[in-house]
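> Generate coordinates for the sequence data below:
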Amino acid sequence: MNKKAFTFIELILVIILSLGIYAIYFANFNLYSEKQKSEITLLNLKESLLEKYKFENTLKLKCIENGAKCYVILDDDISEKRIINGLFKNKPDVYNYGKDMNKIEFENFDIYEVSFEYSIDKYNMADELVVVSDKIVYLFTRITQKPLLYESLIQLRELRENKMEEVRDAF
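Numbers count the residues shown, from 1 in each chain. As a prediction, the model looks like this:
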């Protein structure tokens, strides 16, 4: 018998193999995407903390060891299960976002020197901070989910002064 077409069993095998390959590919792609999404960075810090942790009054993030190890403190409850590693590569410079933009020196945490501290209250209002890390300037404001990025502190100060001047001129 001359066979020029696929049999039903051969077609089923091809479909099963194709579905298996697609399932493996998309499962790995989805896991990679979920891992990327769940990784906490400075760019998604507030958003990720609010999404991942539930609290009643305050959520605090205290980073020690030059920012390599950060504790998530929920309503003054500290747990070894809530640690974020590798948020910073080097100790960040942190300034308050005020008129003078003074550098912040944090209080020690037990015996450790705190290099970064970030708080969110029950209304989801966060600290207003300027963080310089790896030559990038991050401006964390009270109401924005993601920080604003600047090339330098000088650029941020100039933009802030221009906005203040616009407000003064409006009145």
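> mind checking which helix or strand Ile84 is in?
Using DSSP states H and E, Ile84 sits in strand 83-85.
> Name the strands paired with that strand and say parallel or antiparallel.
strand 69-74 (antiparallel) (DSSP bridges).
> quick one: average pLDDT of the partner strand?
Averaging pLDDT along strand 69-74 gives 94.
> could you point out which element follows the strand holding Ile84?
According to DSSP H and E, the helix or strand after strand 83-85 is strand 93-96.
> Can you list the neighbours in contact with that following strand?
101-104, 106, 115-117, 128-133, 153 (CB atoms under 8 Å, 6 or more residues apart in numbering). (C-beta placed from N, C-alpha, C; glycine too.)
> Mind listing what's buried along it?
Using 16 or more other CB atoms under 10 Å as the test for burial, strand 93-96 gives Val94, Tyr95.
> now stretch 100-109
Ile104, Phe109.
> Stretch 12-26 too?
The neighbour-count check on stretch 12-26 (16+ other CB under 10 Å) flags nothing as buried.
> distance between it and the chain's centre?
On the basis of CA atoms, centre = their mean, to the nearest Å, stretch 12-26 sits 36 Å off its chain's mean C-alpha point.
> Can I get it as CSV, trimmed to CA atoms?
This file holds the C-alpha atoms of stretch 12-26, laid out as CSV (Å, rounded to 0.1, in the frame of the first residue of the first chain):
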residue,chain,number,x,y,z
ILE,A,12,-1.9,13.2,17.4
LEU,A,13,1.7,12.6,18.3
VAL,A,14,2.8,15.8,16.5
ILE,A,15,0.1,17.8,18.3
ILE,A,16,1.1,16.4,21.7
LEU,A,17,4.7,17.1,21.1
SER,A,18,3.9,20.7,19.9
LEU,A,19,1.7,21.3,23.0
GLY,A,20,4.5,19.9,25.3
ILE,A,21,7.1,22.2,23.8
TYR,A,22,4.8,25.3,24.0
ALA,A,23,3.9,24.4,27.6
ILE,A,24,7.5,24.1,28.6
TYR,A,25,8.4,27.4,26.8
PHE,A,26,5.6,29.4,28.2
